[in-house]
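Engineer: Can you look at this prediction? I've put the sequence above it.
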Amino acid sequence: MPKTLFVQRVVRPAGAGLQQVRALDRFVSHFTNKLDAKGRVSIPASFRSVLARDGFEGLYVHPSLDIEALDCGGNALLRDIDGLLETLSPYSEERDAFSTALLGTSEILKMDAEGRVILTETLKSYAGITAEVTFVGLGHKFQIWEPSRFRAHLDEAKDKVRALRKQLSSRHAGGETPPSRTHGARG
């Protein structure tokens, strides 16, 4: 007697689950980890997953342009940098300055089987890192901070957001058309 195989096909409406997919491809949250005796630090598992899906082997790192932290990521971050550089004239001073700051000071760190990297002395010195680091998700990239510097930065960011929210609320109350909102944002 032949066996009958039933196949169930699940059809989702266009865009269903898109938010979930986007969340999986973003660096979110923050984590603090200690450097071990050999100077290695474990990259959070959720961040490693994003890097793996991005197809980047290792970790691309450069000193942040305007704060004492390290910008990190994979192919998505490199595409953003390339996109920025492409907007500038090939032989301009501006392009050379950005290239130097974003590519010339960068490092590609190897990740071991346990998901750890060794931060070089140059990177640690720039960010003021000694015994612990805080990994901070920023969507398309993440940053590595010295923990107390991050706490101060976070407090400042919260203050700026509160002030901006008040400013936006007063504009809206005054009859001005509010700026377009992103999905899920509150104004």
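Structural biologist: Yep, that arrived.
Engineer: moving C-terminal of whichever helix or strand D82 is part of, what's the next helix or strand?
Structural biologist: Per DSSP states H and E: D82 is located in helix 75-86. Downstream of helix 75-86, the first helix or strand assigned by DSSP H and E is helix 93-99.
Engineer: Put the alpha carbons of the helix holding D82 into CSV.
Structural biologist: Provided in CSV are the C-alpha atoms of helix 75-86 (Å, rounded to 0.1, in the frame of the first residue of the first chain):
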residue,chain,number,x,y,z
ASN,A,75,29.8,44.2,6.1
ALA,A,76,26.8,46.4,6.8
LEU,A,77,29.0,49.0,8.6
LEU,A,78,31.6,48.8,5.8
ARG,A,79,28.8,49.4,3.2
ASP,A,80,27.7,52.5,5.1
ILE,A,81,31.3,53.8,5.2
ASP,A,82,31.7,53.1,1.4
GLY,A,83,28.3,54.8,0.8
LEU,A,84,29.5,57.9,2.6
LEU,A,85,32.8,58.0,0.8
GLU,A,86,31.1,57.6,-2.6
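Engineer: buried sites along that helix?
Structural biologist: Using 16 or more other C-beta atoms under 10 Å as the burial criterion, the residues of helix 75-86 that qualify are 76-78, 81, 85. Heads up, the C-betas are built off the backbone N, CA and C, glycines and all.
Engineer: Would you mind putting those residues into a markdown table with distance to L70 and pLDDT alongside?
Structural biologist: Below are the buried residues of helix 75-86 laid out as a markdown table (distance: C-beta to C-beta, whole Å; pLDDT from 0 to 100):
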| residue | distance to L70 | pLDDT |
| --- | --- | --- |
| A76 | 16 | 93 |
| L77 | 12 | 95 |
| L78 | 15 | 95 |
| I81 | 14 | 95 |
| L85 | 20 | 97 |
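Engineer: Name the spans of this protein whose pLDDT lies under the cut-off.
Structural biologist: When residues are selected by pLDDT under 70, those of the chain lie in 1-24, 174-187.
Engineer: which residues in it form strands?
Structural biologist: Using DSSP state E, the strands of the chain run over residues 30-34, 40-42, 59-63, 70-73, 107-109, 116-118, 132-137, 142-145.
Engineer: can you list the residues that contact the last one?
Structural biologist: Think strand 142-145. 27, 47, 61, 64, 69-73, 119, 123, 127, 129, 133-136, 153 (C-beta atoms under 8 Å, 6 or more residues apart in numbering).
Engineer: related to what we said a few turns ago, nearest to V41 among the buried residues of helix 75-86?
Structural biologist: Each of these was scored against V41 by C-beta to C-beta, and L77 proved nearest at 18.7 Å.
Engineer: That concludes my questions; thank you for your assistance.
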